[in-house]
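**Q** I would like to see how this sequence folds:
(chains A and B)
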Amino acid sequence: MKLKHKKRNLRKRKITNVIMLSFSFFAAIVTIIPLALIFYYTISKGIANLNIDFFTKMPTPVGEPGGGMANAIVGTILLILIGGAIGIPLGILSGLYISEFGNNRFGDVVRFLTDVLSGVPSIVVGVVAYTLIVIPMGHFSAFAGGGALAILMIPTITRTTESMINLVPSSYREAGLALGIPKWKTTLAIVLKTAWKGIATGILLGLARAAGETAPLLFTALGNRFWSVNVFQPIASLTVYIYQYATAPFKDWNDQAWTAALVLILMISVLSLFFRFITRSKYKV
Amino acid sequence: MSNNPTGSLTTDTSFESVKSLINGKVKRKKEPSPFTKKILGHKNIGDLIFERLTLLFAALVVLLVVVMGWEMYVHSRLSIKEFGFQFLVSTEWDPYAEHFGALPMIFGTIVSSILALLIAVPLGIGVAVFLSELSPLWLERPLSFLTELLAGIPSIIYGLWGIFVLVPWLRDDVEPFLQKAFPGVPLFEGTPYGFGMLAAAIILSIMILPIISSISRDVLRSVPQAQREAAYGLGATKWEVTRIVLGNAKSGLLGATMLGLGRAIGETMAVTMVIGNRPEISASLLDPAYTMASVVANEFTEATSMLYLSALIELALVLFIITIIVNVLARLLVWSTEEKRG
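**A** All right, here's what the predicted structure looks like:
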């Protein structure tokens, strides 16, 4: 009797085991499906309009076939450059502070607030950039958009810088100090140089995230139907174009939105290849 | 900080103090008047400039967060004065009558985020269990890579996919099916537009899955191997071992969930594109709704009066405060488990 009961119990346990473990496997599969679907649709729908014109021509009015998004592509690049010009130095230097001098209360505050900043929704950052830059300037501008993107990059770059510098073995620093090199030179020439690859990955993540942002640009960089590279004027960007073209009731615009999405993904991939290239090892491993 | 960085080997530059200087982990020793010592202790002017410069930039980051909150408060004062607490509990959002009540958007934000969690948390933890407990090594790395790739796709592309693939599918297949399967259930009443709460919840769940699964995986990995071995030693099945591991990682998993929640609450573009943007509170999942983030994205450039604009900025402020609270709670939870393991 008792043995039989035990046997049944064991079978029940084994069945539960199989069910739960297959759920876990099933979850892993389900996670991959949306990724596959999104890539499939972006490539298959986007490739139809992908040609040289898309990169060299200006957008056409509704109903007029052809045209491209040259202004938006240049606009996105310019916005990332502005954002990077502000965000990268700020991020690296504050990361240097918390890893090299941040062993105190203030360092903890910076660390904590950087985490807070990374959780702030991008739309809120857009609102702040609007009140801080657009209202005083009196009009929308690429500069305001770049400023918003910079705020979004800072937490990623700061925290990666910190953790990468913490990974540098202390013997490197001791060697520098033992040679009588001042601390600042040791930090810049030895520590930062050693950690540079990791930091570059952080910069890449920050830039890639910024390149895909739409919400903070809606009312800072605004968008522009015309060619503009003026930093103090509104500027077009791929993401805002995707938003406008996807929500418009015109078939040809919708199709172009897919192409813009494909180009955006390609741009982000090129960006990461570029970073791989400049951080590649001089010595073959 | 007791550093004597010019390199003269005094007692200060003993191995321990250099190590504590370099490695942020070791707590600083308490010393009298560290501030004056810092200035006097520097023999190299370059060091002083370097430290002050990085300090300045770190202070800028701190200032930035403070300024963000302050700026939004200043620019929403008009609306705060006009509506007071009513802003949060009134259901009427009427730009023409200049009356702004944010309850429908708060409702939309909370409901869409919670629905997204209902889908994403079981799946995310399932994936985490698979990655940390079951998966062979050759499968683990590509799978982790793919989930991270999912996290890297811009929000706008999720929205684009939502509009042209997910919404038509919901409208033509899923929603009519739900109505047929559950006739009369208020959750599935109304016209199946496709655009609505259900679409927003699904898109959000896809978007927060990577963050939940990757953090849960790290949390599960930090559970000591000895616990698993002990459970196996007692004859537990793989699932029973996993259940013990999950139980021990509870607060970390809750932290991962909260981080996902923080992401879902602030998500803007993808939700704006599929939720239907209608400021109403409806029991049906098929009806259009609105979230705080999407109303700001949608109406900010159309705000014609100062009051309208300031009401939108107040919404952003509310969103800012909510996400800060959620994120801080989440970090504390994740830290508490990871620190316990040492």
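
**Q** How about residue 132: what's its closest non-neighbour residue?
**A** Reading this off chain A. Excluding the flanking residues, the one nearest residue A:132 by Cβ to Cβ, 6 or more residues apart in numbering or on different chains is residue B:71, at 5.9 Å. Placement of C-beta: from N, CA and C, glycine included.

**Q** switch to chain B, that's the one I care about
**A** In space, residue B:132 is closest to residue B:220, 4.2 Å off (Cβ to Cβ, 6+ apart).

**Q** Could you do residue A:145 as well?
**A** Nearest non-adjacent residue to residue A:145, counting by Cβ to Cβ, 6+ apart: residue A:221, 2.8 Å away.

**Q** got it, and residue B:169?
**A** According to Cβ to Cβ, 6+ apart, the nearest residue to residue B:169 is residue B:194 (7.9 Å).

**Q** repeat for residue B:65
**A** Residue B:65 sits nearest to residue A:113 (Cβ to Cβ, 6+ apart), 4.7 Å away.

**Q** The one you found is in contact with residue B:59, isn't it?
**A** No - at 10.5 Å, residue A:113 and residue B:59 do not qualify as touching, with contact defined as Cβ atoms under 8 Å.

**Q** okay, the two: which has more neighbours?
**A** Per other Cβ atoms under 10 Å in any protein chain shown, whichever of residue A:113 and residue B:59 has more neighbours is residue A:113, with 21 against 15.

**Q** Next one: residue B:307 from chain A, what distance?
**A** 16 Å (Cβ to the nearest Cβ, to the nearest Å).

**Q** Okay, and that residue sits in which element?
**A** helix B:306-340 (DSSP states H and E).

**Q** so which helix or strand takes in the residue nearest the centre of chain A?
**A** Taking Cα atoms, centre = their mean, the centroid of chain A lies closest to residue A:209, which sits 1.4 Å from it. For residue A:209, the host element (DSSP H and E) is helix A:192-211.

**Q** quick check, the next helix or strand after that helix touching chain B?
**A** Downstream of helix A:192-211, the next assigned helix or strand under DSSP H and E is helix A:238-247. Yes - residues of helix A:238-247 contacting chain B under Cβ under 8 Å from any Cβ of the partner chain: A:239, A:242-243, A:246-247.

**Q** averaged over its residues, what pLDDT does helix A:238-247 have?
**A** Helix A:238-247 shows a mean pLDDT of 94.

**Q** ok, residue B:97 - how many residues close by?
**A** Neighbours of residue B:97 under the rule other Cβ under 10 Å: 8.

**Q** which SS state does it fall under?
**A** coil (DSSP: H, G, I helix; E, B strand; the rest coil).

**Q** what are the phi and psi angles of it?
**A** phi -80, psi 0 (degrees, to the nearest 10).

**Q** ditto for the one 5 residues further on
**A** For residue B:102, the backbone dihedrals (degrees, to the nearest 10) come out as phi -100, psi 0.

**Q** How about residue B:289?
**A** Residue B:289 adopts backbone torsions of phi -140, psi -170, taken as degrees, to the nearest 10.

**Q** What residues are bridge-paired with it?
**A** residue B:276 (DSSP bridges).

**Q** separation between it and chain A?
**A** Here the criterion is Cβ to the nearest Cβ. By it, residue B:289 lies 17 Å from chain A.

**Q** contacting residues for the residue of the stretch 51-200 of chain A found nearest chain B?
**A** Among the residues of the stretch 51-200 of chain A, residue A:121 lies nearest to chain B; the distance is 2.6 Å by Cβ to the nearest Cβ. Contact analysis of residue A:121 by Cβ atoms under 8 Å, 6 or more residues apart in numbering or on different chains lists A:215, B:265-268, B:293, B:319-320, B:323.

**Q** Doesn't residue A:136 lie inside a strand?
**A** No - counting by three-state DSSP, residue A:136 falls outside a strand, being helix.

**Q** ok, and what's touching stretch A:194-203?
**A** A:84, A:88, A:91-92, A:95, A:153, A:156-157, A:159-161, A:163-165, A:167-168, A:172, A:192, A:275, A:278-279.

**Q** Now the buried members of those.
**A** Neighbour-count burial (16 or more other Cβ atoms under 10 Å in any protein chain shown) applied to the contacts of stretch A:194-203 gives A:84, A:88, A:91-92, A:95, A:153, A:156-157, A:159-161, A:163-165, A:168, A:172, A:192, A:275.

**Q** Low-confidence bits of the stretch 1-150 of chain B, can you list those?
**A** Within the stretch 1-150 of chain B, the segments meeting pLDDT under 70 span B:1-43.

**Q** which stretches of the stretch 1-150 of chain B form helices?
**A** For the stretch 1-150 of chain B, the helices defined by DSSP state H, counting those that start in this stretch cover B:15-22, B:34-41, B:45-83, B:86-89, B:103-129, B:137-152.

**Q** quick revisit: may I have the predicted confidence score for the residue of the stretch 51-200 of chain A closest to chain B?
**A** 95.

**Q** Give me every residue in the stretch 201-342 of chain B lying close to chain A.
**A** B:206, B:209-210, B:213, B:237-240, B:242, B:259, B:262, B:265-269, B:273, B:293, B:296-297, B:300-301, B:312-313, B:316, B:319-320, B:323-324, B:326-328, B:331.

**Q** Please parse chain A into its domains.
**A** Listed by automatic domain parsing, the domain ranges of chain A are A:2-49, A:70-278.

**Q** winner for burial among the ones you listed?
**A** domain A:70-278 (a mean of 21; mean count of other Cβ atoms under 10 Å in any protein chain shown).

**Q** end to end, how far does that one reach?
**A** 27 Å (Cα to Cα, to the nearest Å).

**Q** chain center to it: distance?
**A** Between the centre of domain A:70-278 and the centre of its chain there are 7 Å (Cα atoms, centre = their mean, to the nearest Å).

**Q** Ok, stretch B:306-323 next?
**A** Relative to its parent chain, stretch B:306-323 has a centroid offset of 19 Å by Cα atoms, centre = their mean.

**Q** Thanks a lot, see you next time.
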